[in-house]
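Q: Using only what follows, build the 3D model:
(2 chains)
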2 protein chains.
Amino acid sequence: MKLFGCDKVKITGGYIADKQELNRKVTINAVYDRFCESGRIGAFDFDWAEGKPHKPHYFYDSDVAKWMEGAAYILRDHFDAELELRVERLIDKIEEHQGDDGYFNIYFTVCEPEKRFSDRDKHELYCAGHLFEAAVAYARATGKTRFLKCMERYADYIYRVFVTEKSAAFVTPGHEEIELALVEMYRYTKEKKYLELALFFLDNRGIHDSEKTEYNQSHLPVREQTEAVGHAVRALYLYSAMADCAFETGDKDLERACLSIYEDIVGKKMYVTGGLGSTPIGEAFTHAYDLPNSDAYAETCAGIGLMFFAKRLLRLENRAEFADITERVFYNGVLSGLSLDGKSFFYENPLEITLSDRFEGTYGKRRLPITQRVECFSCSCCPPNLNRLLPALSGYIYGIENETLFVNQFADSILSDGGIECSMHTDYPRSGTVKISARGVKNVAVRIPSWCAAFTADRAYKMKNGYAVMESRGEIVLEFDMSPFAVYADSRVTHDANRLCVQAGPVVYCAEGTDNCAEGENLHALCVPHDFDYSVEYDEYIGLNTLKISGFRIKSAGNTLYSREKGNAVPVTIRLVPYSAFANRGESDMLVWLHAKQ
Amino acid sequence: MKLFGCDKVKITGGYIADKQELNRKVTINAVYDRFCESGRIGAFDFDWAEGKPHKPHYFYDSDVAKWMEGAAYILRDHFDAELELRVERLIDKIEEHQGDDGYFNIYFTVCEPEKRFSDRDKHELYCAGHLFEAAVAYARATGKTRFLKCMERYADYIYRVFVTEKSAAFVTPGHEEIELALVEMYRYTKEKKYLELALFFLDNRGIHDSEKTEYNQSHLPVREQTEAVGHAVRALYLYSAMADCAFETGDKDLERACLSIYEDIVGKKMYVTGGLGSTPIGEAFTHAYDLPNSDAYAETCAGIGLMFFAKRLLRLENRAEFADITERVFYNGVLSGLSLDGKSFFYENPLEITLSDRFEGTYGKRRLPITQRVECFSCSCCPPNLNRLLPALSGYIYGIENETLFVNQFADSILSDGGIECSMHTDYPRSGTVKISARGVKNVAVRIPSWCAAFTADRAYKMKNGYAVMESRGEIVLEFDMSPFAVYADSRVTHDANRLCVQAGPVVYCAEGTDNCAEGENLHALCVPHDFDYSVEYDEYIGLNTLKISGFRIKSAGNTLYSREKGNAVPVTIRLVPYSAFANRGESDMLVWLHAKQ
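A: Here you go, the predicted structure:
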């Protein structure tokens, strides 16, 4: 299907609009302030010298570029003179310091000018890619092409170095990103050279690379890859580019590879939150069904990468499940990366925090996930990734093919593109009522979420690929059953054995110690029956419903460490909050997969 | 109570006798061979020089000394000319290379002679302690005192350096051991100076040490210590020495500290196997109720140390629970250290192996326990510790106080000490029948194991401190109910939540993948009801009973990674083997704490 871009769709209210407003009013500025303090913004002055603070890191360009991309999307919809000035000043600096040959990179100009394009693992093309995406976004949003012109010159230079002269010390980037950015650039400029360059990087990957590792998906030619491996963010950026190129070129081998990798991810390697990356070692995918909870890496950027990939697969095939995955990861493993006040961030998003697992001794400490979001990371890819994702969400909602309007996501919104108009009224996922009025199309295909066991529609429909397809006349009213339910993992997932998690709508819930444990108690002593009772309560601070469910707390019978007596199951009410809202009320234990009482 | 030593008691048959024979015929020689190959035996030639292989390590003396102690116990009961020659040759070397001042240490004579007694963390006094223990054992076993004389000279030298001249760079040893060895030496030689030296090291610990860390129990004066902390082996050797000195001096503060530490260990920090040390980081105790299964360190030596400590506590107080702990750790977390063929060893004894947790990537690999015993370690403390423990087990069985004979452990055995005679006939723990005939005492106090829910005796008894006290006339016949039962951990142990383990008699059981999982299946998908059915079958190879219990295998209902459908519980028979026998049939998953079906 063709997806309607952000310029055609406006989110008008509800939970997503609230998050967009938080980003616009708080997060975009908070990230900018942290980037000033950490020297990232100052680095664009190109005046660092040995002995001065804030030596530029080789990924600084990319951090700021993502922020600029986010700012561009915000400026598309909202006049903000100060924000625009900040972007324009950065563009001034980019223009000023870009090489005559078109090259632009802070680290490799200021710190190691002799090493340009010599080290595959130093993110040079990754930085370029993010700058390209930002430049296209800014051009689309404002019509101003000064930034884009700079980046076209840079892309032309990269084409010359890598394709024409082959003078770089490596063939394809160590951290993918430029490939999908080049497709974006091609789409906006219509310049085929950029698509060609994207394909050059894809086609050579795993073939002409001197080092072929799973870590950066160079282990095989991309068309022969069938499983998700290695660093999860790199992987998802690559897979997104593969899907883009499959769409632009009709390359069926590339499409098949994408679909195979997708099946591997969602069938074997994805946390219930949509999080990807089962280990902090290399921030990487591991193997099928290996999904440890406390040890989960599930980087916010990898979740965003999954949204990118699923969105691109939806362009290739009208299957609602792709939009299901987008929804799962967005409401859970992506939004968890951002604090409710919009100012601090998780890089990794674990599914369990047990503070009593902490241990530090003379010879080291246990590796445990961070338990509180922080305002700034030395490696700060996730915060500006949220900056750019949130204002771009309107591009995930509507699609069209053959006079059928596809409703992929549910958000209070308006679509307007020439003769096609649609308005959707809903408070989803706070409630399950969705009202859709479409004009200029014959049918409306509404995604029926895979989590949804029951729904009603006010008219006849036919199910097709997970969509309820119906006539478009008048106002369509759908009602999804948003009752909480238990979710079980495949029995091959050893870490979730004998456990369940609770979901309502697309929202995955967790228990926090702060709600459920007195001093000395822990969340592992809670048991939840499969048919738990529940009550639902809207939480203003969280912006979503919280749950109270019936369960039990196991209290040991004896006073010995081990006993023949099994503990007493004392009935308790367990409060659950959306996973995305965990760790917003101080440090606390947290558990997504609760022990099941059978 | 007074415990009857190895010279008064002989184990005549049954499981323990089998293990003793295995040690005598296989293990003692296997360890010697490995020690030859690794240069440990050759190191006693004191001829290493830069450029030659097998540079002596600073703990080599202690490894060989423990082997010598084991050989001594074996020689006490069995004529073995070759074994005796091996020991005598080592004593020749010790005599030859001991300094004129009495000093003896391979590493600090050959490798760093200028550094004698300069580095608290280099095991110099630890090596001395093991040599002292070996020398006393050899004197006791053979009456030959040549080795002991050497070691007395060394102990005198240490007294001079540490007490009289205070010329060492540190005050107390970084790795405890010498303290309990000095008490042994004092007991055999009656030379008070050795007890005094032991007390010197205890009294100064945590007071006059320049570095005071929990890691080596120097954080507090020993009498103020109330919790088990730091490196578990060091800790248990220290606590054993504290109990020894409390016994010899009647020091109530020392006794109180021992009892408090004991309560902390068995109430909060001990695996169900008796294993100690919850983390490989520093091979250490962590904190209360922190007992991860896969991550357990539970070093074989720490288990042996717990046997030492519990035995010494029994001397201080007639409480059966001390002997319960000895039994628990011996049959489970100690014997697991030795392969069934007697040739290879576990250093760490995890309670879970899940092979699918393995991950190795470009940036490292997950720390998982070793899954197969190996014949030799670079750090090889555990193998010779088993060499010396097994032939000394007869010293754990009988005790006496006020005309009451205490039966602390159950083994087919004979006691003979002057007017006191006892014979015990039993196939424990293969069966629960124990027949005891005692002469020369008024009463017999038989430990009723704390795991035992039902037993019968053929006469009247009164329970006192966990012992059934009865008249000694005629043959006493006891029958312990050896039926398998479920064990539950305190609900504060998060890692055992919603789980149970199966025990029969003192033997803790585990499930192995090799018995219970077809390709693609895992042990975490098994569930055991609290009231499982069972059958018992003796296994010749293991030498203990194995179990078959009724349980379920959870089979996922759908074909998606996450589902609203809970899995089907398919009835299965689960085979369990004694924990001590795990990993004797190739590499396999293993689980002690099985998921409970409620």
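Q: Give me the buried positions along stretch A:283-293.
A: Neighbour counts over stretch A:283-293 (16 or more other C-beta atoms under 10 Å in any protein chain shown) mark A:Glu283, A:Ala284, A:Phe285, A:Thr286, A:Ala288, A:Tyr289, A:Asp290, A:Leu291, A:Pro292, A:Asn293 as buried. (Each C-beta comes from the backbone N, C-alpha and C, glycine too.)
Q: Which single residue of the stretch 51-200 of chain A ends up nearest chain B?
A: Residue of the stretch 51-200 of chain A nearest chain B, by C-beta to the nearest C-beta: A:Asp121 (10.4 Å).
Q: how about the nearest residue to that residue once chain neighbours are set aside, secondary structure?
A: Excluding the flanking residues, the one nearest A:Asp121 by C-beta to C-beta, 6 or more residues apart in numbering or on different chains is A:Gly174, at 4.2 Å. With DSSP: H, G, I helix; E, B strand; the rest coil as the basis, A:Gly174 sits in coil.
Q: mind listing what A:Glu196 touches?
A: Residues near A:Glu196 by C-beta atoms under 8 Å, 6 or more residues apart in numbering or on different chains: A:Tyr159, A:Val163.
Q: on that earlier part again, could you look up the SS state of the residue of the stretch 51-200 of chain A closest to chain B?
A: coil.
Q: can you check A:His425 too?
A: strand.
Q: same check, this time on the one 10 residues further on
A: Classification of A:Lys435 using three-state DSSP returns strand.
Q: could you list every residue that touches it?
A: A:Met424, A:His425, A:Thr426, A:Glu475, A:Ile476, A:Val477, A:Leu478.
Q: Show me which residues of the stretch 301-450 of chain A sit near chain B.
A: A:Thr354, A:Ser356, A:Asp357, A:Phe359, A:Gly361, A:Thr362, A:Tyr363, A:Gly364, A:Lys365, A:Arg366 (C-beta under 8 Å from any C-beta of the partner chain).
Q: Let's see if you can find the most crowded of those.
A: A:Thr354 (22 neighbours; other C-beta atoms under 10 Å in any protein chain shown).
Q: What distance do you get for it to A:Leu291?
A: Note on A:Thr354: its distance to A:Leu291, by C-beta to C-beta, to the nearest Å, is 17 Å.
Q: Any idea how many residues pack against A:Arg358?
A: By other C-beta under 10 Å, the residues close to A:Arg358 number 14.
Q: dump the residue contacts of it.
A: A:Arg358 neighbours (C-beta under 8 Å, 6+ apart): A:Lys365, A:Arg366, A:Leu368.
Q: One more: A:Met482?
A: With contact taken as C-beta under 8 Å, 6+ apart, A:Met482 is in contact with A:Pro429, A:Ser431, A:Gly432, A:Ala504, A:Gly505.
Q: Now those in JSON lines, please, with extra columns for secondary structure.
A: Shown next, in JSON lines, are those (three-state DSSP):
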{"residue": "A:Pro429", "secondary structure": "coil"}
{"residue": "A:Ser431", "secondary structure": "coil"}
{"residue": "A:Gly432", "secondary structure": "coil"}
{"residue": "A:Ala504", "secondary structure": "strand"}
{"residue": "A:Gly505", "secondary structure": "coil"}
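Q: among the buried residues of stretch A:283-293, which are in reach of chain B?
A: A:Ala284, A:Thr286, A:Tyr289, A:Asp290, A:Pro292.
Q: Now for the residues you listed: which two are most distant?
A: Greatest spacing in those, by C-beta to C-beta: A:Ala284 and A:Tyr289 (15.5 Å).
Q: one step back: okay, the contacts of A:Arg358 in JSON lines with distance to A:Cys245 and secondary structure next?
A: Shown next, in JSON lines, are these (distance: C-beta to C-beta, whole Å; DSSP: H, G, I helix; E, B strand; the rest coil):
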{"residue": "A:Lys365", "distance to A:Cys245": "44", "secondary structure": "strand"}
{"residue": "A:Arg366", "distance to A:Cys245": "43", "secondary structure": "coil"}
{"residue": "A:Leu368", "distance to A:Cys245": "40", "secondary structure": "coil"}
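Q: Between the residues you listed, which sits nearest A:Glu248?
A: A:Leu368 (43.7 Å).
Q: Quick check, that closest one in contact with A:Ser356.
A: No. Between A:Leu368 and A:Ser356 there is no contact under C-beta atoms under 8 Å: 10.4 Å.
Q: coming back round to it: which one of the ones next to chain B among the buried residues of stretch A:283-293 sits closest to chain B?
A: Distance ranking of those against chain B, using C-beta to the nearest C-beta, places A:Thr286 first at 4.5 Å.
Q: Pull the contacting residues for the closest one.
A: Contacts of A:Thr286 (C-beta under 8 Å, 6+ apart): A:Lys269, A:Ser278, A:Thr279, B:Phe359, B:Gly361.
Q: Can you tell me the SS state at it?
A: Strictly by three-state DSSP, A:Thr286 counts as coil.
Q: Kindly report the same for the one 4 residues further on.
A: On the three-state scheme (three-state DSSP), A:Asp290 is labelled coil.
Q: Near A:Ala134, how many other residues are there?
A: 31.
Q: er, A:Glu321 actually
A: A:Glu321: 19 surrounding residues under other C-beta under 10 Å.
Q: and if you look at A:Ala411?
A: For A:Ala411, the neighbour count with other C-beta under 10 Å is 25.
Q: Not counting sequence-adjacent ones, nearest residue to it?
A: In space, A:Ala411 is closest to A:Ile16, 4.7 Å off (C-beta to C-beta, 6+ apart).
Q: Please name the bridge partners of the nearest residue to A:Ala457 once chain neighbours are set aside.
A: Leaving out its chain neighbours, the residue that sits closest to A:Ala457 by C-beta to C-beta, 6+ apart is A:Leu478, at 5.1 Å. Note on A:Leu478: beta-bridge partners by DSSP bridges are A:Val434, A:Ala457.
Q: what residues are up against A:Leu478?
A: A:Thr433, A:Val434, A:Lys435, A:Ile436, A:Val446, A:Phe455, A:Thr456, A:Ala457, A:Asp458, A:Ala468.
Q: Make CSV from those and add pLDDT and distance to B:Ala489 to it.
A: Shown next, in CSV, are the contacts of A:Leu478 (pLDDT from 0 to 100; distance: C-beta to C-beta, whole Å):
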residue, pLDDT, distance to B:Ala489
A:Thr433, 98, 47
A:Val434, 98, 48
A:Lys435, 98, 53
A:Ile436, 98, 54
A:Val446, 98, 50
A:Phe455, 98, 44
A:Thr456, 98, 48
A:Ala457, 98, 51
A:Asp458, 97, 54
A:Ala468, 98, 49
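Q: What about these, which one has the most neighbours?
A: Counting neighbours by other C-beta under 10 Å, A:Val446 leads the contacts of A:Leu478 with 25 neighbours.
Q: That one and A:Thr456, how far apart?
A: Counting by C-beta to C-beta - A:Val446 and A:Thr456 are separated by 12 Å.
Q: same thing with A:Glu475?
A: According to C-beta to C-beta, A:Glu475 and A:Thr456 sit 14 Å apart.
Q: again, but for A:Ala298
A: Using C-beta to C-beta, A:Ala298 is found at 35 Å from A:Thr456.
Q: so what's the residue nearest to A:Ile476 when sequence neighbours are not counted up against?
A: Nearest-residue entry for A:Ile476: A:Ile436, 4.3 Å, with adjacent residues in sequence omitted and distances by C-beta to C-beta, 6+ apart. By C-beta under 8 Å, 6+ apart, A:Ile436 lies in contact with A:Val407, A:Cys422, A:Ser423, A:Met424, A:Val444, A:Val446, A:Glu475, A:Ile476, A:Leu478.
Q: do A:Asn522 as well
A: A:Asn522 touches A:Thr354, A:Ser356, A:Gly513, A:Asp589, B:Ser491, B:Arg492, B:Thr494, B:Ala497, counting by C-beta under 8 Å, 6+ apart.
Q: 10 Å instead, please
A: A:354-356, A:513, A:516, A:553, A:589, A:591, B:289, B:491-494, B:497 (C-beta atoms under 10 Å, 6 or more residues apart in numbering or on different chains).
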